[in-house]
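[1] Just need the structure, nothing else, for what follows:
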Amino acid sequence: MASVASAAIPRSQADLVAFVDWRGVECLNQSTSHSLDNALKQGYRDDDDLHLESDADEQLLIYIPFTQVIKLHSVIIKGPEEEGPKMVKLFANKEHMGFSNVNDYPPSDSIALSPKNLKERPVNLKYIKFQGVCSTI
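    Alright, predicted model coming up:
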């Protein structure tokens, strides 16, 4: 049975979770009881009782390396309208970023999320900026 998230992926595209290099995945500010695994890993991300949450403020910094170079066309984000993210900034091929230096770099794309976007609908990115992606923040 396909997950809701994978069912929303257009036929010519693929869920990139199989290409994530899990050894290098990092999430700064994540709550220990509501970690990044809940949002990304198959089996966890389909459970509405599991979610990713910050332990400090509304900001999270997520680093996702891939096992091969990928092309990133869109992202799917799920969350409650009242508590889900409002803004997502993506940085292609940037490593070792922290809260102290994230504002030193322009994002490859910024997404202002509407309540409609938080219902597992693909949000298209500036595709030209995500052609040879090894990692994303």
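
[2] For this structure, just list every one of the helices.
    Along the chain, the stretches classed as helices by DSSP state H are 4-7, 37-40.

[3] any idea which of the ones you listed scores lowest on pLDDT?
    The minimum mean pLDDT among the helices of the chain belongs to helix 4-7 (a mean of 51).

[4] quick one: contacts for residue 124?
    73-74 (CB atoms under 8 Å, 6 or more residues apart in numbering). All C-beta spots, glycine's among them, are computed from the backbone N, C-alpha and C.

[5] Next: residue 53.
    Contacts of residue 53 were listed using CB under 8 Å, 6+ apart, and they are 30-31, 33-34.

[6] Can you give me the neighbour number for residue 96?
    8 (other CB atoms under 10 Å).

[7] any idea how far it is from residue 121?
    Shown here: residue 96 relative to residue 121, a distance of 32 Å by CB to CB, to the nearest Å.

[8] and residue 33, how far is that from residue 96?
    27 Å.

[9] contacting residues around the residue lying closest to residue 135 once chain neighbours are set aside?
    Excluding its sequence neighbours, the residue lying closest to residue 135 (CB to CB, 6 or more residues apart in numbering) is residue 65, at 4.2 Å. Contact analysis of residue 65 by CB under 8 Å, 6+ apart lists 20-21, 24-25, 134-135.
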